[in-house]
Structure formats: C-alpha cells, structure tokens
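>>> Need a 3D model of the following:
(one chain, ligands or ions: 2)
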Amino acid sequence: MITVLAGGVGAARFLSGLIQIEKPENIRVVVNTGDDFILHGLYICPDIDTIRYTLTNDVGSQGWGRSNETWHALGELKNLAQHAPERSRATDWFALGDRDIATHLYRTQRLREGADLTQVTGELSQAASLRLKLLPMTNDRVATMLTMEDGETIDFQEYFVKRRHAEPVMSIQFEGNRQAKASREALDAIADAERLIIAPSNPVLSIGPLLALPELAAVLRSQRHRTIAISPLINGKAVKGPADHLMAELGLDSSVVGVANYLDQYAGHMVADEADIDKRASIEALGFKTTFAPTLMSTPKRARELAKVVMSATLDD
Ligand code: GDP
Ligand code: CA
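Ligands and ions are numbered 1, 2, ... in the order given. Below is the predicted model of the structure:
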C-alpha cells in the first residue's frame, strides 16, 4: 500500500499522475483539514474537495471548484447580503458554485446527523466513484490561523482568499491541534504503508497541520526511512500560491533546501526538480537521499512521469 500526505492543488496534480501507474485501491491519501471552515452555515473542506474533483475529472479550470458550474445560489446570496453586516458578506470574496454547494450541503447534513468527517468523505468519494481512499487527517476541528506583521490573527481563508495571500505573515498556529486526535484510519495508513509520499504541497500551510498532530507526527517519524518528499518549490519559486515568500517570511530558506530542512525528521528521500541539481550536497547533508527530475506537472503525462520517478526512488531497508 502507498500513502500520500496531501494538501490541495499540488497534491491533486501528483495524484492524477500516480493513479495512471498504480491501482487506486492501493492508494490512501491523508489530507489536510486545517483550511476547513464554515460559510453560510455550510461545512467546507477545500483540500479534500479539490482532490476529489480533480481525480474524477470534475474540477474547475481554475484548479478548484467543479467543472460546468452555474452560480445562481451565490447570485441570490449576493442580493440578500447587501443589507447584511460586514462579516456576513463573504459572498464578495468566496465563490461557491451551485454544483459545489451540493457537496457542502450533503457534508453539513451528514455531520449534523452524527457521522464523522472520515465517514462522510468516504460517502462522497463513493458517490463520485473515486476508488482511492481519501482520509481527513482528523475528525476534530483544527484551524490554521495566521498572525500578520501588525499582530492581527486571521483564519486561513481570510489570508488566502480574501487577502490573496499577499500580506506578510509573522507566524502560523494550528488552533486545536493539541486536543485533536489524528483519525485511526490516517494513523493506520501511515503506520502500515510500504511507501509514503509527501506530495508537493505547501510545506507550512498544507503539510504543517498534519505535523502539528502529535500522534501523527510521531508515527510519521518512525516511518522516515519509507518516506519520499517531493519539493513544491522549483528554483526557489512556488508553482502556484505563497509557499516561497511565506517560507521566507517565517525565517525558512525559500528553496528545496528549506523544504528539506522543514521535513528532515519525516522523510528520508527528496525528489527535487532538475533545475535544483546544484543543491544536492546541501539536501544530502540533511540526511536525505536525493533524486533530481522534471517536477513541473503541466500535463497528465508529466504528472505520470513524476509519479514513476517517485515510485522508483530507493528506500532504506
Ligand atoms: P493548495 O492547498 O490548493 O494551496 O495546494 P497544495 O498545498 O497542495 O499545493 C500548493 C503547492 O503546490 C505550491 O507550493 C506549488 O508550488 C505546488 N505545486 C503546484 N503544482 C506543482 C507542480 O506541477 N510541480 C511541483 N513540484 N509543485 C507544484
Ligand atoms: Ca489548501
């Protein structure tokens, strides 16, 4: 069995390559839930949904949301929100399409009926005929919070979507992480995997929440010799999103070396882009084996080629 630790878009791209070469039944994905939030009363799990929509060829052209969307409900909400207090006017900046809303309605209702997030995610996957297992990292509430340079602390969606991840961040906290329990399914998926892969997701925002769960981090450390990380940074730049400048703002090196430093307790092999070959010695000095290959997944074929590289990366016995 293969287990992949995942955020949203970078992970979804990698997984779309992996399922071209491995049976989806052999793949489990432990997904970040630190971005989850409630909007218009709906329970929304952006990373879980991005992966599910991508792997079922139902993702919007922008890389999130669903394909063939209509926006009637949001349009009505916008009309209604004109007279609402400021905090209820999320319609200005957070787009939810009609088809996407059906997912959140279903999830919200099932959670209200007492199902846990793992169960509901399984139901949604089954409904979409998704054969790999998507496992939320926890069934409890963990919220990624960011403290900005001026000392204000805001939640993930306000940072990422409303403020377009443009403002400098001083620190990140994962609210609730000490009380939250990693799910049994997620822990088992890590403990009994033959090969573990850390997807090319934002290290601090997407993988950080998983590492903030003490039990999950401990199991992952014990599996370091089986774990391969893929760098989301190519030549010091994120392919998408704030990973590069955010890492610098947090005092980390914004390159694959910084990614290696951040993950060195958890992974024993780093797959980095061929453009970063000059960093081989620095990464290996941190105790990693290394493989250099093209890592930009601009087409399904490139994603498949990267998956092949990762599946043939050598592990310690
Ligand atoms: P989010 O939750 O949707 O922000 O997605 P992730 O955290 O999973 O992914 C964001 C990260 O994916 C960014 O740091 C990107 O640099 C990385 N990423 C996206 N596409 C690619 C790609 O084709 N190759 C590599 N190496 N990284 C990528
Ligand atoms: Ca995310």
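>>> tell me which parts of the stretch 101-250 of the chain are close to ligand 1?
Pro200, Ser201, Asn202, Ser206, Ser231, Pro232, Ile234, Ala238, Val239, Lys240, Gly241, Ala243 (C-beta under 6 Å from any ligand atom). Backbone N, C-alpha and C define where each C-beta goes, glycine included.
>>> which helix in the protein runs the most residues?
If you go by DSSP state H, the chain has its longest helix at helix 98-112.
>>> would you list every one of the helices in the stretch 201-317 of the chain?
Assigned by DSSP state H, counting those that start in this stretch, the stretch 201-317 of the chain shows helices spanning 208-211, 214-222, 243-249, 256-263, 280-284, 300-312.
>>> okay, these in TSV with distance to ligand 2 and mean neighbour count next?
Converted to TSV, the helices of the stretch 201-317 of the chain look like this (distance: least, C-beta to the ion, whole Å; neighbours: other C-beta atoms under 10 Å):
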stretch	distance to ligand 2	mean neighbour count
helix 208-211	9	25
helix 214-222	17	17
helix 243-249	11	21
helix 256-263	17	23
helix 280-284	25	16
helix 300-312	18	17
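>>> can the ones you listed go into CSV with extra columns for mean pLDDT?
CSV is the format used below for the helices of the stretch 201-317 of the chain (pLDDT from 0 to 100):
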stretch, mean pLDDT
helix 208-211, 98
helix 214-222, 98
helix 243-249, 98
helix 256-263, 98
helix 280-284, 98
helix 300-312, 98
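>>> As JSON lines, the ones you listed with distance to Thr108 would be great.
As requested, the helices of the stretch 201-317 of the chain are arranged in JSON lines below (distance: least, C-beta to C-beta, whole Å):
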{"stretch": "helix 208-211", "distance to Thr108": "21"}
{"stretch": "helix 214-222", "distance to Thr108": "25"}
{"stretch": "helix 243-249", "distance to Thr108": "30"}
{"stretch": "helix 256-263", "distance to Thr108": "34"}
{"stretch": "helix 280-284", "distance to Thr108": "43"}
{"stretch": "helix 300-312", "distance to Thr108": "32"}
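>>> list the buried ones in the longest helix of the chain?
Arg99, Asp100, Ile101, Thr103, His104, Tyr106, Arg107, Thr108, Arg110 (16 or more other C-beta atoms under 10 Å).
>>> Appreciated, that's everything.
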